[in-house]
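Visitor: Would you be able to build a 3D model of this:
(one chain, ligands or ions: 1)
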Amino acid sequence: MTKKKYTHLFFDLDNTIWDFNSNSFDALYIALQKLQLLEVVGPYPVFFNVYREVNERLWELYRQGLMTKKVLSIQRFEESFEKNGTPLIVGGGVVNDAYLSEMPLQTKLVDGARNVLDYLHGSYEIAIITNGFKEVQYDKIHKSELSKYFRKIFISEEIGAQKPGKEIFEYAIKSMNAPKKSSLMIGDSWEADIVGAMNFGIDHVYFNPKMNNNEGLGSFFDTGDQKINDILTTITDLQEYKPNTIIKKGLHISLINDLNQLIGIL
Ligand SMILES: [Mg+2]
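Guide: I've put the predicted structure just below:
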């Protein structure tokens, strides 16, 4: 039997394993229904898009340490209702609490996730590295019947460091006794997962399900970050290793649009 290249796999949770986009859509719908705010907001998909944009922007501030969790939790709803032209009569915290209670009850997984985890289970040491809130991440994993797959779950809030910072990767690797060279990070966020793993110095897989190949590779190299663009453009032979995989400073970087493709990389 040939020796495996990787022994330790680190997965992001939201939108890599657990279908955050779909589950958060459903959770907020139920929360608004329970609070009798569903009629207030008008067409729900329109409101949800407003919320998603606001939430993503505020999360970025939170990730950068420019906003506290408490302010984020309240402001994301107050601002969304305001932008939607239907200002909230209750505090944003009320909607946030209702939403967070519903979140972990949603169990939709990303296509292929369970299949891949079943395949890997028992053959690899697997862990989660996530930036999500601690009060929901454990429940999401538990209720979605994912616990058996992961030896450890590293939550930024508990560790006191967020992706893409090196500290959380360092902490996770040490806790798992994982050699860097045989560790692989898999995630859907360019900024948090991929830049994070790249800076820390472990191989990584960028899971980008929406791309078609050409567009995906294009955006892969146009990161909007000059420093990373400079590093990536020094790579001369993109196809040398295998399609959609590049090597940077000895690191293997792969791009997949379906989780099942992961099996081919390992
Ligand atoms: Mg994610």
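Visitor: Going by C-alpha atoms from here, please, whenever you check contacts or count neighbours.
Guide: Will do.
Visitor: isn't there a helix covering residue 119?
Guide: Yes: under DSSP: H, G, I helix; E, B strand; the rest coil, residue 119 sits within a helix.
Visitor: What distance do you get for it to residue 112?
Guide: As for residue 119, its distance to residue 112 is 11 Å (criterion: Cα to Cα, to the nearest Å).
Visitor: in the chain, which spans are helices?
Guide: Assignment of helices within the chain using DSSP state H yields the ranges 20-34, 44-63, 69-83, 92-102, 113-120, 134-143, 156-159, 166-175, 195-200, 213-221, 226-233, 262-265.
Visitor: With mean pLDDT, mean neighbour count and distance to residue 254 as extra columns, can I get the ones you listed in a markdown table?
Guide: Listed next are the helices of the chain as a markdown table, based on pLDDT from 0 to 100; neighbours: other Cα atoms under 10 Å; distance: least, Cα to Cα, whole Å:
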| stretch | mean pLDDT | mean neighbour count | distance to residue 254 |
| --- | --- | --- | --- |
| helix 20-34 | 97 | 18 | 22 |
| helix 44-63 | 95 | 16 | 25 |
| helix 69-83 | 97 | 18 | 33 |
| helix 92-102 | 97 | 18 | 33 |
| helix 113-120 | 97 | 16 | 16 |
| helix 134-143 | 94 | 17 | 26 |
| helix 156-159 | 94 | 15 | 24 |
| helix 166-175 | 97 | 17 | 18 |
| helix 195-200 | 88 | 20 | 12 |
| helix 213-221 | 42 | 13 | 10 |
| helix 226-233 | 49 | 13 | 13 |
| helix 262-265 | 86 | 12 | 8 |
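Visitor: for the ones you listed, which one sits closest to the ion?
Guide: With Cα to the ion as the measure, helix 20-34 is the member of the helices of the chain nearest the ion (8.0 Å).
Visitor: who's the residue of the stretch 1-150 of the chain found nearest the ion bridged to?
Guide: Nearest residue of the stretch 1-150 of the chain to the ion: residue 14, at 4.1 Å (Cα to the ion). Residues in a beta bridge with residue 14, per DSSP bridges, are residue 18.
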